[in-house]
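> need the 3D shape of this:
(chains A, B, C and D)
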4 protein chains.
Amino acid sequence: MLVPRVWSSVRPGVSKVLSRTLGGWPSGEGRRMDLSGIYPPVTTPFTATAEVDYGKLQENLHKLGTFPFRGFVVQGSNGEFPFLTSSERLEVVSRARQALPKDKLLLAGSGCESTQATVEMTVSMAHVGADAAMVVTPCYYRGRMSSAALVHHYTKVADLSPIPVVLYSVPANTGLDLPVDAVVTLSQHPNIVGIKDSGGDVTRIGLIVHKTRSQDFQVLAGSAGFLLASYAVGAVGGVCALANVLGAQVCQLERLCLTGQWEDAQKLQHRLIEPNTAGLKRDNKSEIFRHPRWKKAFF
Amino acid sequence: MLVPRVWSSVRPGVSKVLSRTLGGWPSGEGRRMDLSGIYPPVTTPFTATAEVDYGKLQENLHKLGTFPFRGFVVQGSNGEFPFLTSSERLEVVSRARQALPKDKLLLAGSGCESTQATVEMTVSMAHVGADAAMVVTPCYYRGRMSSAALVHHYTKVADLSPIPVVLYSVPANTGLDLPVDAVVTLSQHPNIVGIKDSGGDVTRIGLIVHKTRSQDFQVLAGSAGFLLASYAVGAVGGVCALANVLGAQVCQLERLCLTGQWEDAQKLQHRLIEPNTAGLKRDNKSEIFRHPRWKKAFF
Amino acid sequence: MLVPRVWSSVRPGVSKVLSRTLGGWPSGEGRRMDLSGIYPPVTTPFTATAEVDYGKLQENLHKLGTFPFRGFVVQGSNGEFPFLTSSERLEVVSRARQALPKDKLLLAGSGCESTQATVEMTVSMAHVGADAAMVVTPCYYRGRMSSAALVHHYTKVADLSPIPVVLYSVPANTGLDLPVDAVVTLSQHPNIVGIKDSGGDVTRIGLIVHKTRSQDFQVLAGSAGFLLASYAVGAVGGVCALANVLGAQVCQLERLCLTGQWEDAQKLQHRLIEPNTAGLKRDNKSEIFRHPRWKKAFF
Amino acid sequence: MLVPRVWSSVRPGVSKVLSRTLGGWPSGEGRRMDLSGIYPPVTTPFTATAEVDYGKLQENLHKLGTFPFRGFVVQGSNGEFPFLTSSERLEVVSRARQALPKDKLLLAGSGCESTQATVEMTVSMAHVGADAAMVVTPCYYRGRMSSAALVHHYTKVADLSPIPVVLYSVPANTGLDLPVDAVVTLSQHPNIVGIKDSGGDVTRIGLIVHKTRSQDFQVLAGSAGFLLASYAVGAVGGVCALANVLGAQVCQLERLCLTGQWEDAQKLQHRLIEPNTAGLKRDNKSEIFRHPRWKKAFF
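Numbering: from 1, shown residues only, chains lettered A, B, ... in the order given. Predicted coordinates for the structure are as follows:
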């Protein structure tokens, strides 16, 4: 942990963090967190009255805890973070931390549209137990999200975050790709440790691995669909929705890749693409009505 | 006003509104609000420390109050609503209502990603003085935003909103167009009075006007760039960012269209496209650094 | 006609045209052609054996000849030019010219991917009777089609064409919009008289009219769907597929716009959008099997 | 070779081919061609007067002949086929065949917009020596190119082609992806032996390999940028523009993949992405002016 987790309150704390930050992330110290491995992006369960079902969340995490995952992502796209209030977002992180063994990494999605809100959410999530913050690109003003704007945003967040930051690019939802040149610039920040890339462009993933090789920057594939290919070009793991339902198989694919059993890996990868795609198709069909929060809405 | 503005609290109030709603929006009564005219989408001014500058907001509104606008939009895309907290969003509406004469309509952007949050924001904005709610399409899960999903979302919001609802489609920001069939379905809801369409597709605008003609549904153009063309196909007004800086000219264009002086209207429209486009280009160049909230971020 | 139509052969002729060209399109002389009015983009009929049905073409043109069109477009997107051989393309132009009264303009689509082929096709089409050449943007290498590249292409074609050139932008088919700055530059060429714009962006159409106003450059709307709006911002006519089936109504809409009867125009425009859209939808459903050439293919 | 290459003339010949075809591609016989390996997509050189430079073509092929390529693609996107006349397209194939050793496969791009023209070009290219035809998706009417339409198109071409057909999907140029379900259907045709996929979506490539595994259908990656990843998911080779300039390295990458030396393969792949990307960037900057045919155009 780079700065104390105890944080009397967000706003007062910031100047302290900043002074420490400007004092400097000690060279070579910032990049300690090893992200290698598989993470299920945990869904947020809801009750019939559309409240967050914390009991069910705990139960799900216990079940998932039996697989050799490196950790868990909460509040990713799969966790439907845009539907939660700020306090619910923090509560989910807090409960997840309590339910998980200490050796499992907890990556918490803390991205908001504004830099300020993202910093506040990140600091608060650190306070309640997140090990790292996964920060999605802001996107409502996507026409203005140049590399310079995005570098500015992430630099501020990383400067002020007490925990390491993982960049998160998911063009299917945001309509924008975090540009490679911005990723390369940001990889030099001592408090930015990697990227979750959900775009599926393996040329881009290879290029990012290559151009950040001197930074010990880590790339996580954003789906089981291109996990093998991502390992082949240098990714260190994946955040895979499919791991929520086929955890053993996704971890097995990881093992085959890490031990160089590429033929078996290929066969297993092939078998996993269809369920992955089928799952996405089913979601598209059922539309948002699969979301209890939407389904029940207000009733 | 369709239901009492006094609202003891959101959640308890809902069932009452709902029972009134289900009891029925009295036929022929719901669609009373006349939206015809020009609205500047008011920007949210910030102080050097990135706080909302309510004094400056009031000053701006007083200046804008000298033009013959029908009313004002607050918390639209131009008002940078995604950068504000919930309480700031409400405070801006409240202050704007106090600063404005009673005969000026106050349209408040109340859209959030979730249906529940949108309902709560809409109810609260009504409580602090909004005359109508302008509700942007949710967009993070755009791949799932089918017509059915969007009709579901807007119907819930309109059912529970104490003030009329204006649909808001702005594909440049959201990456999705509210489909025409969804607009036609929603136009039949007694508490949905119109749409602000910022896409610039005048064939679509004409088709919406035509297919909702029996519903007394009103269309507002979302930019001065296609205001004349929109009037030509049946729009009743416009929400025009350009009206913040060239208020007299945009109102003059309205008058020329309404009085059938199409030749003069064309000349004026032509003169307004370039400043409009230039303004957008300048924004694109300066990127997000024109936003005090972003520029200053946290400092 | 700017240069003699008699053309001993394409290649030898070019240097002559060029010397005339470089000698100069006499100032003020080049822009004589008045494009104002409505044009049906004529379909290319096929026999059951997938040959071009010239008899049916003549018959269609005679039927269409009873409407007060300004002229006819052959070999546009609606004429399925990509499916015809070079000799068929010329034969269609030749037969159309013979079937049409002298006072009807014949606009022939002569665009090819390469500049050289476009020049040759344009010269040949002039030779067999086209009054003007409508030149679609090349598009296979759309990633490289910068404004500079497109200005280069069209300038060459216009330099060497014995007949006036009409630019043709149809992003639904080509995946690229001829940029406004390129249009403005090209509007200064003495042998480029206008543009057919099928994109439906009326802000863009207004801007083009405005920025080329000193050039007597003429804009034609590419669809009946936005014909009224285009007239409202300064277009002089339209190339409307709908005019093939509802010729009287489209010409009536033109008359209402030209005589300033905007209310009636609006009503008529509204009634024409749905058939227009319905037609497009039907095409999409039936797919390419409505094309005899494709349906029958080779048999 | 499935049918005699000697072809008295295209049209009369077709019924013969057809009768043979309908008589049937002997089961298990059609899929003999082994595509495994690396292919440079040969550029078409031009003289200063924009004629095809056949001498330079021959020279280039001799140079490229020193690398252990499986064969050569002529008339792909890199060969600028849209800029050539039909007779030039055939002449290039003919000259290439003469310049190449018999054991090198010659894949010739024979795609045209219409089915009929594609069949004629394919038959003619077979006649002058192509070993297989690489057929790009038609794209001008991309809005109508449903799976059904594309299956219809390719089935006709494959039915009538005397040589095996390779599907070719290149969305950057055509604006459309050949849908996976269409590829799977077409993989069952006895005269369709594979696909060159240039889209770079490795999940899709893996899915195609998996869903066509019972058909002995072969996938070639369309770029060196994702060659390693494609091998990892089951591709058998690649058509790589980079092989024109770094032939030894691309063949070395192939060898490393085939022999399971994935670590070295990864390092080499990384080193090849930047030159590949840089090449594309340079092309984008120089625009079409790098093309002699365009630069010189008609002079």
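> could you list the low-pLDDT ranges of chain A?
Applying pLDDT under 70 to chain A flags residues A:1-31, A:278-299.
> and it, which of its residues are near chain D?
A:200-203, A:206-207, A:209-211, A:213, A:223, A:225-226, A:228-230, A:232-234, A:260, A:262, A:265-266, A:269-271, A:273-274, A:277 (CB under 8 Å from any CB of the partner chain). Quick note: C-beta positions are derived from backbone N, CA and C, even for glycine.
> narrow these to those in helices?
A:202-203, A:206-207, A:209-211, A:228-230, A:232, A:262, A:265-266, A:269-271, A:273-274, A:277 (DSSP state H).
> show me where the stretch 101-250 of chain A has strands.
Ranges of strands in the stretch 101-250 of chain A, per DSSP state E, counting those that start in this stretch, are A:105-109, A:132-136, A:165-169, A:192-197, A:218-221, A:237-239.
> closest to C:Lys63 out of these?
strand A:165-169 (56.7 Å; CB to CB).
> what about that closest one, near chain B?
No: contact of strand A:165-169 with chain B (CB under 8 Å from any CB) is absent, the minimum separation being 12.8 Å.
> what do you get for stretch A:43-56?
Yes: using CB under 8 Å from any CB, stretch A:43-56 reaches chain B at A:Ala50.
> hang on, the earlier thing: make a ChimeraX selection of the buried ones in the ones in helices among the residues of chain A next to chain D.
Buried subset of these, written as a ChimeraX selection, criterion 16 or more other CB atoms under 10 Å in any protein chain shown:
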select /A:202,203,206,207,209,210,211,228,229,230,232,262,265,266,269,270,273,277
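> deepest-packed of the strands of the stretch 101-250 of chain A, please.
Among these, the stretch with the highest mean neighbour count (mean count of other CB atoms under 10 Å in any protein chain shown) is strand A:237-239, at a mean of 29.
> now it, how far from the chain's geometric center?
Computed by CA atoms, centre = their mean, to the nearest Å, the separation of strand A:237-239 from the middle of its chain amounts to 9 Å.
> who's in contact with it?
A:35-41, A:70, A:73, A:76, A:107, A:196, A:198, A:218, A:220-224, A:227, A:230, A:250, A:254 (CB atoms under 8 Å, 6 or more residues apart in numbering or on different chains).
> over to stretch A:136-154?
Stretch A:136-154 is contacted from outside by A:77, A:109, A:111-115, A:118, A:135, A:165, A:167-170, A:173-176, A:178-179, A:181-182, A:185-186, A:189, A:192, B:77, B:82, B:139, B:172-175, B:283-284, B:287-289, B:294, using CB under 8 Å, 6+ apart.
> buried set for that stretch?
Across stretch A:136-154, burial judged by 16+ other CB under 10 Å covers A:136-142, A:144-147, A:149-154.
> now swap in stretch A:83-95 and tell me
A:Phe83, A:Leu84, A:Glu88, A:Arg89, A:Leu90, A:Glu91, A:Val92, A:Val93, A:Ser94, A:Arg95.
> which residues does it contact?
So stretch A:83-95 is contacted by A:44, A:52, A:54, A:57-58, A:74-75, A:79, A:81, A:106, A:108, A:110, A:121, A:124-125, A:128-130, A:291, A:293-294, B:113-114, B:116-117 (CB under 8 Å, 6+ apart).
> excluding chain neighbours, what is closest to A:Gly222?
Distances taken as CB to CB, 6 or more residues apart in numbering or on different chains put A:Ser198 closest to A:Gly222, at 2.7 Å, once the chain neighbours are dropped.
> and the closest residue in space to A:Ala235 that isn't next to it in sequence, what does it touch?
In space, and not counting its chain neighbours, A:Ala235 is closest to A:Val219: 4.5 Å by CB to CB, 6+ apart. Taking CB under 8 Å, 6+ apart, we find A:Val219 in contact with A:Gly194, A:Ile195, A:Asp197, A:Ile205, A:Ile208, A:Val209, A:Ser230, A:Gly234, A:Ala235, A:Val236.
> bridging residues for the second one?
The bridge-partner assignment for A:Ile195, based on DSSP bridges, gives A:Leu167, A:Val219.
> that one contacts A:Gly222, doesn't it?
No: assessed by CB atoms under 8 Å, A:Ile195 is found out of contact with A:Gly222, at 9.2 Å.
> overlap in contacts of these two?
Among the neighbours of A:Ile195, those also in contact with A:Gly222 (CB under 8 Å, 6+ apart) are A:Ser169.
> on that earlier part again, of the contacts of strand A:237-239, grab the buried ones for PyMOL.
The following PyMOL line selects those of those that are buried, judged by 16+ other CB under 10 Å:
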select buried, chain A and resi 35+37+38+39+40+41+70+73+76+107+196+198+218+220+221+222+223+224+227+230+250+254
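> out of the contacts of stretch A:83-95, which touch chain C?
When CB under 8 Å from any CB is applied, no member of the contacts of stretch A:83-95 is adjacent to chain C.
> please flag which of those residues sit within helices.
A:Tyr54, A:Leu57, A:Gln58, A:Met121, A:Ser124, A:Met125, A:Arg293, A:Trp294, B:Gln116, B:Ala117.
> distance from the chain centre to stretch A:250-265, please.
Centroid separation between stretch A:250-265 and its chain, computed with CA atoms, centre = their mean, is 23 Å.
> tell me the bridge partners for the residue nearest the centre of chain A.
For chain A, the residue sitting closest to the mean C-alpha position, by CA atoms, centre = their mean, is A:Met134 at 4.2 Å. Beta bridges link A:Met134 to A:Gly109, A:Val166, judged by DSSP bridges.
> pretty sure it sits against A:Gly109.
Yes: the pair A:Met134 / A:Gly109 is scored as a contact, 4.9 Å apart, by CB under 8 Å.
> give me the common contacts of the two.
Contacts common to A:Met134 and A:Gly109, judged by CB under 8 Å, 6+ apart, are A:Val73, A:Gln75, A:Gly76, A:Tyr168.
> lovely, talk soon.
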